[in-house]
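Peer 1: could you look at this predicted model? Sequence included:
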Amino acid sequence: MPLKQTIVKFSIGILFIFLISSFYPLYSQTASNGKYLLLIHGGAGNITIKNLPDSALYKEKLTEALQKGLDTLKKGGTSLDAVVVTIKILEDSPLFNAGKGAVFNNDGKNEMDASIMDGKTLKAGAVAGVTTIKNPITAARVVMEKTSHVMLMGNGAEKLAKEQGLEIVDPSYFFDQKRWNQYLINKEKSSLNTIDSTLKKYGTVGVVALDMYGNLAAGTSTGGTMNKKYGRIGDSPIIGAGTYADNNTCAVSCTGTGEYFIRNVVAYDMAALMKYKGFTIKQAGDYIVYDKLKPQGGDGGLIAIDKNGNFTMPFNTSGMFRGYANSDGEINIFLFK
């Protein structure tokens, strides 16, 4: 065959391969053999059998949320989709410190934060100090997908949410009598630097997911710290502190004393330890939660999953609402140590 014809045929072949790869879904290039996995947390803290007589209610709601996320992944939904639908279930429940169950700040109002991150693109979105968005996690996703920003706060975040057709509610929607009673007790007993230990439970919610395309995502939503002052914002809406996801390493969602998680950049530190020091996901989680946070006084825990489906859920408190669901149909919920 003449050299010229050979070159032409070779060039056509290369062009064909390029065109095929261009139209092939990007996420399929990192497929995880159809396996998928979902982890959930509903907060950590002073959670024991003795002080949680209604533990069955928590297990039921966590199971419902995991099932919703699992169904989404089973139908081919993305990890981002699963994170949002799962967190929405918890935000709609008064059991957890997020959305409907958000705690009250020092002024007797509910201010909520949320964040989400896409491990495939490293895009992220967050909202802070919102008071009228029914599901703050949906607003965080809107910030990520509809703007060039990462975090919006207060009125600006609520204006965007309304423009994008998200459900807006009156602040009274978030009122819960049990939370109000806790607030009154805490307000009476606490000062700026002290918190009633009997109420020391961080009900922040979070989800990390690996979808069948091999993509990771993470999301976190919270009402913050009870009786918080001066517009305080914790780690939950801060990318790298309370939430992080990178397909090359892991997806992480945290819960606990936010100031310590911010100072230690906990969520990103998980990824950094894996990337730069070669830690496994369990080694990274144990080191951060037990060896870094605890000696500093940082109570709490985290959930994390890596690109291969390995996961960890360490915590240094008496309990943490947590669980997982996978493509084999397994759903497991844990509350205590």
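Peer 2: On my side now, so go ahead.

Peer 1: beyond the helix or strand bottoming out on mean pLDDT in the chain, next helix or strand please.
Peer 2: Lowest on mean pLDDT, DSSP states H and E among the helices and strands of the chain sits helix 3-23, with a mean of 43. Next along the chain after helix 3-23, taking DSSP states H and E as the criterion, comes strand 37-45.

Peer 1: how far out from the middle of the chain is that next one?
Peer 2: Averaging C-alpha positions (C-alpha atoms, centre = their mean, to the nearest Å) puts strand 37-45 8 Å from its chain's average.

Peer 1: likewise stretch 219-229?
Peer 2: The chain centroid and the centroid of stretch 219-229 are separated by 13 Å under C-alpha atoms, centre = their mean.

Peer 1: for it, C-alpha coordinates in CSV please.
Peer 2: The C-alpha trace of stretch 219-229 is given here as CSV (Å, rounded to 0.1, in the frame of the first residue of the first chain):
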residue,chain,number,x,y,z
GLY,A,219,-22.5,17.4,51.3
THR,A,220,-23.2,18.8,54.8
SER,A,221,-26.1,20.7,56.3
THR,A,222,-26.5,22.2,59.8
GLY,A,223,-28.3,24.7,62.1
GLY,A,224,-24.9,25.4,63.7
THR,A,225,-24.2,25.6,67.4
MET,A,226,-27.1,26.1,69.8
ASN,A,227,-27.1,29.6,71.3
LYS,A,228,-24.5,30.8,68.9
LYS,A,229,-23.7,34.5,68.8
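
Peer 1: can you mark which positions in that stretch are buried?
Peer 2: Residues G219, T220, S221, T222, G223, G224, T225, M226, N227, K228 are the ones in stretch 219-229 that count as buried (16 or more other C-beta atoms under 10 Å). Every C-beta, even on glycine, is put in place using the N, C-alpha and C of the backbone.

Peer 1: looking at those, which are in strands?
Peer 2: Among those, the ones falling in strands (DSSP state E) are G219, T220, S221, T222.

Peer 1: where do the helices of the stretch 101-250 of the chain begin and end?
Peer 2: Remark: helices assigned in the stretch 101-250 of the chain by DSSP state H, counting those that start in this stretch are 136-146, 154-163, 177-189.

Peer 1: avg pLDDT for the first one?
Peer 2: For helix 136-146, the mean pLDDT works out to 98.

Peer 1: do the same with the second one
Peer 2: Model confidence over helix 154-163, given as mean pLDDT, is 98.

Peer 1: now swap in stretch 267-283 and tell me
Peer 2: Per-residue pLDDT over stretch 267-283 has a mean of 98.

Peer 1: if we can go back for a sec, return the most buried member of the helices of the stretch 101-250 of the chain.
Peer 2: Mean neighbour count (mean count of other C-beta atoms under 10 Å) peaks for helix 136-146 among the helices of the stretch 101-250 of the chain, with a mean of 25.

Peer 1: what lies in contact with that helix?
Peer 2: Helix 136-146 has contacts (C-beta atoms under 8 Å, 6 or more residues apart in numbering) with 80, 83-84, 87-88, 91, 98-99, 112-118, 123-127, 130, 133, 149-152, 157-158, 160-161, 164, 166-167, 219, 221, 237.

Peer 1: and that helix, C-alpha only, in CSV?
Peer 2: What follows is helix 136-146, C-alpha atoms only, in CSV (Å, rounded to 0.1, in the frame of the first residue of the first chain):
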residue,chain,number,x,y,z
PRO,A,136,-30.4,24.6,52.4
ILE,A,137,-28.5,21.8,50.6
THR,A,138,-30.5,22.5,47.4
ALA,A,139,-29.4,26.2,47.6
ALA,A,140,-25.7,25.1,48.0
ARG,A,141,-26.1,23.0,44.8
VAL,A,142,-27.6,26.0,43.0
VAL,A,143,-24.6,28.2,44.0
MET,A,144,-22.3,25.5,42.6
GLU,A,145,-24.1,25.0,39.3
LYS,A,146,-25.7,28.3,38.6
